[in-house]
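K.L.:
Here is a sequence with its predicted model. Questions after.
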Number of protein chains: 2
Amino acid sequence: MKARIHVTLKPGVLDPQGKAIEHALLGLGFGGIDAVRQGKYIEIDLAESDWDKARTDIEAMCRQLLANTVIENYAIELTE
Amino acid sequence: MKARIHVTLKPGVLDPQGKAIEHALLGLGFGGIDAVRQGKYIEIDLAESDWDKARTDIEAMCRQLLANTVIENYAIELTE
């Protein structure tokens, strides 16, 4: 089973990486950009075959290591 | 319009961040993890309303700035 995890900054939290990308894109001549936000994308291959158990494990991994839940949100997708 | 971009290392390219996460998860007592890969996730809000033009622009942004196409793949999703 594969877990796809998106970790993104909560709305309102300053995102310097996103701002840097936005400025760089403007510098390259790309217009019409309203906002850029950067997050992390993590793929985990799991041996677990029970979907509920896998989701519980991944939730715990996100809370304990992958996301700083004070300033970040996480979203989990499980696929075969 | 919003573009969601995933930038991931090509298969076979060493991923030290992914390895570090894998070791940290094992250290926290999580078992059954076969592999971890980390990539980047970028959201861009665009003023453009033409889907074809938006996709062409985002492709150019990926090739010129967001992804190192020697070692990274990128995937683009456009949503309203």
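P.N.:
Cool, got the structure. Numbers count the residues shown, from 1 in each chain, chains lettered A, B, ... in the order given.

K.L.:
Skip ahead from the helix or strand containing residue A:23 and say which helix or strand is next.
P.N.:
Using DSSP states H and E, residue A:23 sits within helix A:16-27. Next in sequence after helix A:16-27, counting helices and strands by DSSP H and E, comes strand A:33-46.

K.L.:
what lines up beside the host helix or strand of residue A:7 in the sheet?
P.N.:
Secondary structure assigned from DSSP H and E places residue A:7 in strand A:2-9. According to DSSP bridges, strand A:2-9 forms sheet pairs with strand A:33-46 (antiparallel), strand A:72-79 (antiparallel).

K.L.:
which residues sit against the helix holding residue A:23?
P.N.:
Applying Cβ atoms under 8 Å, 6 or more residues apart in numbering or on different chains, the external contacts of helix A:16-27 come out as A:33, A:35-38, B:42, B:61, B:65-66. (Each C-beta comes from the backbone N, C-alpha and C, glycine too.)

K.L.:
and with 7 Å instead?
P.N.:
With Cβ atoms under 7 Å, 6 or more residues apart in numbering or on different chains as the contact definition, helix A:16-27 has outside contacts at A:33, A:36-38, B:42, B:61, B:65.

K.L.:
for stretch A:36-45, same thing?
P.N.:
So stretch A:36-45 is contacted by A:2-9, A:15, A:17-18, A:21-22, A:66, B:6, B:21, B:33-44 (Cβ under 7 Å, 6+ apart).
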